[in-house]
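Colleague: Quick one: sequence plus predicted model below, questions after.
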Amino acid sequence: MPGDPLPYAGPDSFTFVRVVIRDETGLHGEGFTGRFLAQEVAHFLNNSVAEAFSAGAPCDPTALMRRFNPRNMTGVVVSALSALEIAFTDLEAKRQGVSVARLLGGARTAAPVHVTCGFPALETDALVATCASEVAAGAQGVKVLIAAKGRPVTEDVARLRAVREAIGSAELIADANCG
């Protein structure tokens, strides 16, 4: 949309990668993955994965994971192959004429949720209020991003302590984004 950030412009990006696969009968499955290095994920899918398929590799995300990610790292490969696996799952559900939820064992009435709401741009009071609000609304826990450029570790520790006090025994996840 007009005014959206660039394809990968940091924490405010809205770019996602959509994968569409088609079988020989014309059915298609769709998958997607988040904004983490979207251009690199798309490049990997359009080149390495497409090349593997054209060379006769099985259309098996687990086998592809062993081939392209033998050290079990996270990142571009995992994001790409998760989108591909979602597309395969969607395709299989369509082949069977059932919903993806049914294919995976049926709908659940509830699922534990953790909310990423602790953004570095929030001042401590707003961070605490936001995290407490999410837990009060039913989130099992919250994730707070730490190690923002220019913020000292002592400030991150103080922010995390304030959030802990506000959310009680709910789960608190700290994500340093490789910082």
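Modeller: Yes, it's here.
Colleague: Over to the spatially most distant residue from the centre of the chain: give its phi and psi.
Modeller: Going by Cα atoms, centre = their mean, the residue of the chain most distant from its centre is Thr25, 30.6 Å out. As for Thr25, its main-chain torsions (degrees, to the nearest 10) stand at phi -90, psi -10.
Colleague: quick one: the residue nearest in space to the middle of the chain from Lys143, how far?
Modeller: Centroid check for the chain by Cα atoms, centre = their mean gives Gly34 as the closest residue, at 4.9 Å. Distance from Gly34 to Lys143, counting by Cβ to Cβ, to the nearest Å: 14 Å. In this view, the C-beta of every residue, glycine as well, is placed from N, C-alpha and C.
Colleague: Next: Phe53.
Modeller: From Phe53 across to Lys143, the span is 35 Å (Cβ to Cβ).
Colleague: Which one's more surrounded, those two?
Modeller: Lys143 (19 against 14; other Cβ atoms under 10 Å).
Colleague: wait, doesn't that one sit right on Ala170?
Modeller: No - the pair Lys143 / Ala170 is not scored as a contact, 11.3 Å apart, by Cβ atoms under 8 Å.
Colleague: Which residues are in contact with each of these two?
Modeller: In terms of Cβ atoms under 8 Å, 6 or more residues apart in numbering, Lys143 and Ala170 are not both contacted by any residue.
Colleague: Low-confidence regions, the chain specifically.
Modeller: 1-14, 35, 57-58, 178 (pLDDT under 70).
Colleague: Let me see the ranges of the helices in it.
Modeller: 38-44, 50-54, 61-68, 76-96, 100-103, 124-136, 153-167 (DSSP state H).
Colleague: If we go by neighbour counts, what in the fourth one is buried?
Modeller: Neighbour-count burial for helix 76-96, counted by 16 or more other Cβ atoms under 10 Å, picks out 76-91, 93-94.
Colleague: coming back round to it: as a markdown table, the helices of the chain with distance to Gly29 would be great.
Modeller: Listed next are the helices of the chain as a markdown table, based on distance: least, Cβ to Cβ, whole Å:
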| stretch | distance to Gly29 |
| --- | --- |
| helix 38-44 | 17 |
| helix 50-54 | 14 |
| helix 61-68 | 12 |
| helix 76-96 | 3 |
| helix 100-103 | 9 |
| helix 124-136 | 32 |
| helix 153-167 | 38 |
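Colleague: looking at those, which is closest to Thr109?
Modeller: For Thr109, the closest of the helices of the chain is helix 100-103, at 11.7 Å, according to Cβ to Cβ.
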